[in-house]
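Asker: Just need the structure, nothing else, for what follows:
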Amino acid sequence: MWRRGNTSIAGVWARWVCLVFSIVLAWSCTEGTDAPRSQPNIVLITIDTLRADHLGSYGYPRPSSPSIDQLAESGLLFERALSAAPWTLPSMASLHTSLYPAEHGAIGARTPLPDDLTTLAESLQDVGYDTTGFVTHVFVGRRYGLAQGFHAFDESLVRGHEAVTSEELTANVLQYLRRLGREPFFLWVHYFDPHFSYMRHPEFDFVEANTSPVRLTYEELLAAEPALRDDGVPDPFSVETVESIYDEEIAFTDAAIGRLLEGIERLDLDRPIVTALTADHGEYFMERGRFGHGRDVYDELIHVPLIISGDIDETLKGHRFSEAVEVASLAHTLAELGQVEDNPFQGEDLLAVNDRERRTVFSYGCYAWGTDERKIMVESEGWKLIQHLDDNRFELYDVGRDPQELENHWSRETGTAAAAKKALHAALDEFAQSQGGQTPSIDLAPEEIERLEALGYVQ
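Answerer: So this is what the prediction gives:
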């Protein structure tokens, strides 16, 4: 038999036959189905007290957010993302569980997230994810139940409202990531600096008056409210100055986020990555006669940024979605990406917006102390209905034409407003009947209450 080297003609033919057979078999097994997709690394970035309308990608003229804007250019941006509540604890508890505040019950300074609820981190941990959280606010910490499901949870930078933490937070996260193994990871990073007190970052030079304060505390903002509300006297500072310092806080945080994203990219990870960025709530700058946040469900407090970028469908990159969505749907969306079987989270897959059916969006207005002044809100097709739970008053706004929510259409009995009122009122009734649940409470020591009050959560 003729040979070339040590290989016979028969051996060569046998190997070719085996190769062809393997290719055909592989093709026949995948024909008509999508090839299995590896679990991506997932990064969730949340930013405290960040209004959507103060970002360049949402139309803001000041260059406050170049890193976030770049993330938006390569990803899917939701133009009208609404948080579940106007302050941190209930909003973030909803994001991590997909439940509305009245369902998960974490609606006050003494009501943590119950241990028996399923969180996004727990679900991803169950399917093999290394889960890590880095937080900078007491209300998203272990004390309030937000550490559930995380292998590692770092609260070392929970330092209060006067601390500046964004740069150190980014450094800590990147140092940790360099030590991770080959398992897919879920990383949650919560930045705090845009929350008051507002600190100057002169390198961004957004404040025109050279005599502006280096720091504006919440106590100073409260003290200035009456003069600003009654006659607009800018004493000791103007609203424009406050917003400009706030914008410097955003720019400072944005720069740290840019370094985080660049650092993750340099890690040369062996699997794709998806990054979701959002905020817990917004902030008032005297639009309703006050500074701060909590209680209300107007856009200044619940309209937040929402961007998903990275390893997503190419048709979604650079796309802007204009209809209202709930930030709380992120749990469902990220669980889908992580291949969590029997996805336990309500809401919608935000990456399936092209197949989206008409949906209603809800939010719940509450604050850290007490049970008064609570509200519920429903929005659909550009109309927004607010119910005041104390006295059963209603407000109806055409937010598409009236984004500042100045003209209340509730008394209208004809036309589009009347039709919207009827539909939204029915949706609100159904929503209210579905809510409920009891949660345990925690005892707060006097010094803990004092720290919360210093953060603006006043009894």
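Asker: Run through the strands of the stretch 51-200 of the chain in chain order.
Answerer: With DSSP state E, counting those that start in this stretch, the ranges of strands along the stretch 51-200 of the chain come out as 75-82, 130-134, 152-154, 185-191, 198-199.
Asker: Just the C-alphas of stretch 143-156, formatted as CSV.
Answerer: The C-alpha trace of stretch 143-156 is given here as CSV (Å, rounded to 0.1, in the frame of the first residue of the first chain):
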residue,chain,number,x,y,z
ARG,A,143,-28.9,47.2,57.3
TYR,A,144,-31.7,47.6,54.8
GLY,A,145,-31.6,44.2,53.2
LEU,A,146,-29.9,45.2,49.9
ALA,A,147,-26.9,42.8,50.4
GLN,A,148,-29.1,39.7,49.8
GLY,A,149,-27.5,37.4,47.2
PHE,A,150,-24.1,39.1,47.0
HIS,A,151,-20.9,37.0,47.6
ALA,A,152,-19.1,40.2,48.4
PHE,A,153,-20.6,43.4,49.6
ASP,A,154,-18.5,46.5,50.3
GLU,A,155,-20.0,49.3,52.5
SER,A,156,-16.7,50.9,53.4
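Asker: From the chain's centroid, how far away is it?
Answerer: Stretch 143-156 sits 17 Å away from the centroid of its parent chain (CA atoms, centre = their mean, to the nearest Å).
Asker: same thing with stretch 375-388?
Answerer: 20 Å.
Asker: neighbouring contacts of that stretch?
Answerer: For stretch 375-388, contacts defined as CB atoms under 8 Å, 6 or more residues apart in numbering pick out 82, 295-298, 302, 324, 358-365, 373, 389, 393-401, 405, 417, 420-421, 423-425, 427-428, 431-432. Just so you know, the C-beta spots here come from the backbone N, C-alpha and C atoms, and that holds for glycine as well.
Asker: ok, now stretch 85-94?
Answerer: For stretch 85-94, contacts defined as CB under 8 Å, 6+ apart pick out 46, 48, 83-84, 99-101, 104, 106-109, 113, 137, 139-140, 144-146, 190, 280-282, 293-297, 301-302, 327-328, 363-368, 457.
Asker: Could you tell me which of the residues you listed are located in helices?
Answerer: Using DSSP state H, 101, 104, 301, 302 are the members of the contacts of stretch 85-94 that sit in helices.
Asker: Can you tell me which of these is closest to residue 338?
Answerer: Taking CB to CB as the measure, residue 338 lies nearest residue 104 of these, at 20.8 Å.
Asker: Can you report how many residues lie near that closest one?
Answerer: Using other CB atoms under 10 Å, residue 104 has 26 neighbouring residues.
Asker: Distance check, it against residue 262.
Answerer: The gap separating residue 104 from residue 262 is 35 Å, by CB to CB, to the nearest Å.
Asker: same deal with residue 328?
Answerer: Noted for residue 328: a distance of 29 Å to residue 262, by CB to CB.
Asker: which one of the two has more residues nearby?
Answerer: residue 328 (30 against 12).
Asker: got the contact list for the more buried one?
Answerer: Counting by CB under 8 Å, 6+ apart, residue 328 touches 84, 94, 95, 97, 98, 99, 100, 347.
Asker: If we use 7 Å, what do you get?
Answerer: 84, 94, 95, 98, 347 (CB atoms under 7 Å, 6 or more residues apart in numbering).
Asker: burial of the closest residue to residue 390 other than its chain neighbours, as a residue count?
Answerer: Nearest non-adjacent residue to residue 390, counting by CB to CB, 6 or more residues apart in numbering: residue 372, 5.9 Å away. Using other CB under 10 Å, the number of residues around residue 372 comes to 10.
Asker: same thing with residue 392?
Answerer: Using other CB under 10 Å, residue 392 has 7 other residues around it.
Asker: Need the phi and psi values for it.
Answerer: The phi and psi values for residue 392, taken as degrees, to the nearest 10, are phi 60, psi 30.
Asker: I'd like to know how far it sits from residue 76.
Answerer: From residue 392 to residue 76 the distance is 38 Å (CB to CB).
Asker: ok, back up a step: mind picking the one among the contacts of residue 328 that's closest to residue 409?
Answerer: residue 84 (24.5 Å).
Asker: Name the nearest residue to that closest one, ignoring sequence neighbours.
Answerer: Distance criterion CB to CB, 6+ apart; nearest residue to residue 84, sequence neighbours excluded, is residue 94 at 3.5 Å.
Asker: And that neighbour, how far from residue 203?
Answerer: From residue 94 to residue 203 the distance is 35 Å (CB to CB).
Asker: same question, residue 346
Answerer: 43 Å.
Asker: Ok, residue 424 next?
Answerer: Distance from residue 424 to residue 203, by CB to CB: 46 Å.
Asker: of the two, who's got more company?
Answerer: Neighbour tally, residue 424 and residue 203, criterion other CB under 10 Å: the higher count belongs to residue 424, 24 against 9.
Asker: quick one, what contacts the more buried one?
Answerer: For residue 424, counting by CB under 7 Å, 6+ apart, the contacting residues are 378, 380, 383, 385.
Asker: Then residue 422?
Answerer: By CB under 7 Å, 6+ apart, the contact set of residue 422 is empty.
Asker: What residues of the strand or helix carrying it count as buried?
Answerer: Residue 422 is part of helix 415-434 when elements are defined by DSSP states H and E. Of the residues in helix 415-434, 417, 420, 421, 423, 424, 425, 427, 428, 431 count as buried by neighbour count, 16 or more other CB atoms under 10 Å.
Asker: Taking the residues you listed, tell me the two that lie furthest apart.
Answerer: Across the buried residues of helix 415-434, the longest distance by CB to CB is 20.3 Å; it joins 417 and 431.
Asker: Spell out which helix or strand contains residue 240, please.
Answerer: Going by DSSP H and E, residue 240 is part of helix 239-266.
Asker: Ramachandran angles for residue 278?
Answerer: According to degrees, to the nearest 10, residue 278 has phi -160, psi -170.
Asker: scratch that, residue 395
Answerer: Residue 395 adopts backbone torsions of phi -130, psi 140, taken as degrees, to the nearest 10.
Asker: Tell me the spacing between the residue nearest to it when sequence neighbours are not counted and residue 249.
Answerer: Distances taken as CB to CB, 6+ apart place residue 386 nearest to residue 395, at 4.3 Å, with adjacent residues excluded. Per CB to CB, residue 386 is found 29 Å from residue 249.
Asker: before we move on, what about residue 306?
Answerer: Residue 306 is 20 Å from residue 249, by CB to CB.
Asker: Report how far apart the opening and closing residues of stretch 402-420 are.
Answerer: End-to-end span of stretch 402-420 (CA to CA, to the nearest Å): 15 Å.
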